[in-house]
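[1] Structure, please.
(one chain, ligands or ions: 2)
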Amino acid sequence: MWGRGFLIPQVINTLRLTWSHRHFFTMQLKTKEFQSLFTDGLNALAEIFQKHRFELRIAGGAVRDLLSGQQPQDVDFATTATPEEMKRMFQAVGIRMINNKGEKHGTITARLHNENFEVTTLRVDVQTDGRHAEVEFTTDWQKDAERRDLTINSMFLGLDGTLYDYFQGYEDLQNKKVRFVGNSALRIQEDYLRILRYFRFYGRVASEPGQHDSDTLEAIRDNASGLAGISGERIWVELKKMLVGNHASHLLELIYELDLTQYIGLPADVCIEEMKQVYQRTQGCSPKPMTVLSALLRSPEEVERLDLRLKLSREEKTLGIFLVKHRRDLVKGQDEKEGLKPFTDFIIDSREPDTQSKVLELLKYQGEKKLLAELSRWAIPRFPVSGHDLRRLGITSGKEIGTTLQELRDVWKKSRYRLTKEELLSTISTS
Ligand SMILES: Nc1ccn([C@@H]2O[C@H](COP(=O)(O)OP(=O)(O)OP(=O)(O)O)[C@@H](O)[C@H]2O)c(=O)n1
Ligand SMILES: [Mg+2]
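    Ligands and ions are numbered 1, 2, ... in the order given. Model prediction:
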């Protein structure tokens with residue numbers, strides 16, 4: 001297959017005037033994001049590579065983002081220079097290199113004008129065990145593109161704006177198609193995490209659910225068990241991004257249909273309907289990944305089991321347990337005006353600082369958008385009486401202070417947190 005070099009930004013705008021209006025328009029947008037990458041740091045980096053006659057291009061995800069009119073989060077560079085050659089070049093002009101962990105895989109991180117640049121030597125994966133790869137360096141751009149996961153992630157962008165696209169990645173991006181480079185099964189076997197990357201990028205790129213190539217789904221199903229060897233941390237990172245992306249409910253359903261769940265710690269025989277409803281209700285509320293996922297979990301034990309496989313953070317785990325425990329019993333008040341009261345009472349009673357954020361997730365789960373907005377504006381009132389106040393009134397026994405404080409808290413709660421310190425203390429002297 002021959003590489004196709006597209007000239008983008010300014011060149012296309014001036015030379016290819018036959019392009020459709022839509023095309024023309026999107027190209028202009030890309031120009032802006034592309035141009036904004038040229039900081040002092042990048043200009044200096046480009047000069048060094050040019051001087052030593054090595055090629056330097058933007059690679060992978062950043063090219064995809066730029067072509068979609070988005071500002072890339074991080075920009076990876078690829079080069080024909082080997083790590084040794086890069087080190088020599090950088091050392092010669094006193095450029096600092098940091099964190100040499102990636103060097104074995106060809107990555108050098110150079111610091112120029114207070115910016116870090118990750119530059120990776122073109123490579124082929126000579127041997128993979130489904131997780132890690134042994135690499136060999138090359139100067140062949142197409143070979144490097146070939147070892148990448150998806151066509152939309154396999155492109156390079158020259159610093160003059162030339163697009164190098166060996167596998168119709170740009171066409172796929174425009175048609176919103178997510179496809180593996182070459183043979184799907186082989187790409188998956190090189191790194192089984194790519195199964196979940198496929199889902200994540202489907203959510204990012206596709207406009208409709210359910211537009212998968214049947215051979216892609218077949219390759220995923222056939223290779224599902226390979227996910228068993230992938231660390232929980234890596235799986236959870238991908239899964240989280242998928243859960244808060246587009247089509248998450250469709251993709252979760254697909255994960256069940258393709259029998260992946262046993263390898264990634266999700267319970268079998270779940271209520272897909274509950275998950276679909278929760279997904280619908282949480283649209284537009286920015287739910288946390290765990291909020292969507294907990295719709296598939298029936299009990300705190302299932303959260304614990306998920307944690308064993310995926311290594312959730314403490315916060316994610318406690319949120320999961322909280323939602324599973326309270327999604328049915330902590331519900332809005334009967335009286336229209338008192339709708340929020342059960343939630344605010346719960347937050348004040350719990351006396352833990354992060355309860356409010358958990359209850360906000362619960363309201364998202366329940367689809368209570370109005371109450372969600374109200375609770376987001378609500379600030380926890382501070383209980384105005386302290387043990388010190390009671391001691392000043394002559395109460396000396398610790399036990400009595402404890403019970404009195406609790407009684408006063410109840411009075412305060414009944415007053416809807418309105419009574420002041422003086423008003424509360426006056427209830428003791430008269431009782
Ligand atoms: N399992 C993987 C991970 C990464 N890549 C390649 O390495 C690039 C960079 O990887 P990464 O930064 O993990 O993903 P991005 O595609 O950049 O996506 P994001 O925007 O989330 O960083 C990808 O575009 C892809 O070409 C791959 O082929 N297989
Ligand atoms: Mg990236």
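[2] Run through who's touching the longest helix along the chain.
    With secondary structure taken from DSSP state H, the chain has its longest helix at helix 398-414. Helix 398-414 has contacts (CB atoms under 8 Å, 6 or more residues apart in numbering) with 345, 348-349, 383-385, 387, 390-391, 395, 419, 424-425, 427-428. No exception for glycine: its C-beta is placed from N, CA and C like everyone else's.
[3] Try it again at 6 Å.
    385, 387, 390, 395, 419, 424, 427 (CB atoms under 6 Å, 6 or more residues apart in numbering).
[4] now swap in stretch 202-209 and tell me
    By CB under 6 Å, 6+ apart, the residues outside stretch 202-209 that reach it are 176, 178, 242, 245-247, 250.
[5] Now do it: distance from first to last residue.
    Stretch 202-209 has its terminal residues 9 Å apart, counting by CA to CA, to the nearest Å.
[6] which residues of the stretch 201-350 of the chain score low on pLDDT?
    Along the stretch 201-350 of the chain, the model assigns pLDDT under 70 to no residue.
[7] Which parts of it are helices?
    All helices of the stretch 201-350 of the chain, identified by DSSP state H, counting those that start in this stretch, fall at 214-223, 232-243, 248-257, 261-264, 272-282, 289-293, 300-310, 314-326, 341-350.
[8] closest one to Phe77 among these?
    Nearest of the helices of the stretch 201-350 of the chain to Phe77, taken as CB to CB: helix 232-243 at 22.7 Å.
[9] What are the buried residues along that closest one?
    Buried positions in helix 232-243, judged by neighbour count with 16 or more other CB atoms under 10 Å: 232, 234-236, 238-243.
[10] re the thing from before, give me the buried positions along the longest helix of the chain.
    Across helix 398-414, burial judged by 16+ other CB under 10 Å covers 401, 404-405, 408-409, 412-413.
[11] gap between the residue most central in space within the chain and Arg204?
    The centre of the chain sits closest to Lys241, judged by CA atoms, centre = their mean, with a distance of 3.4 Å. From Lys241 over to Arg204 the distance is 8 Å, taken as CB to CB, to the nearest Å.
[12] Over to Glu146?
    The gap separating Glu146 from Arg204 is 22 Å, by CB to CB.
[13] Also Gly169?
    To Arg204, Gly169 is 14 Å away according to CB to CB.
[14] who has more neighbours, the two?
    Comparing Gly169 with Arg204 by other CB atoms under 10 Å, the one with more neighbours is Gly169, at 26 against 19.
[15] so what's the residue in the chain positioned nearest to ligand 2 up against?
    In the chain, the residue that lies nearest ligand 2 is Gly61 (3.8 Å; CB to the ion). Gly61 is in contact with Asn153, counting by CB under 6 Å, 6+ apart.
[16] Need the distance between the two termini of stretch 142-152.
    In stretch 142-152, first residue to last residue: 14 Å (CA to CA).
[17] List the buried residues in that stretch.
    For stretch 142-152, burial by neighbour count (16+ other CB under 10 Å) applies to 142, 144-152.
[18] With respect to Tyr263, which of those is nearest?
    Among these, and counting by CB to CB, the member closest to Tyr263 is Asp149, at 18.5 Å.
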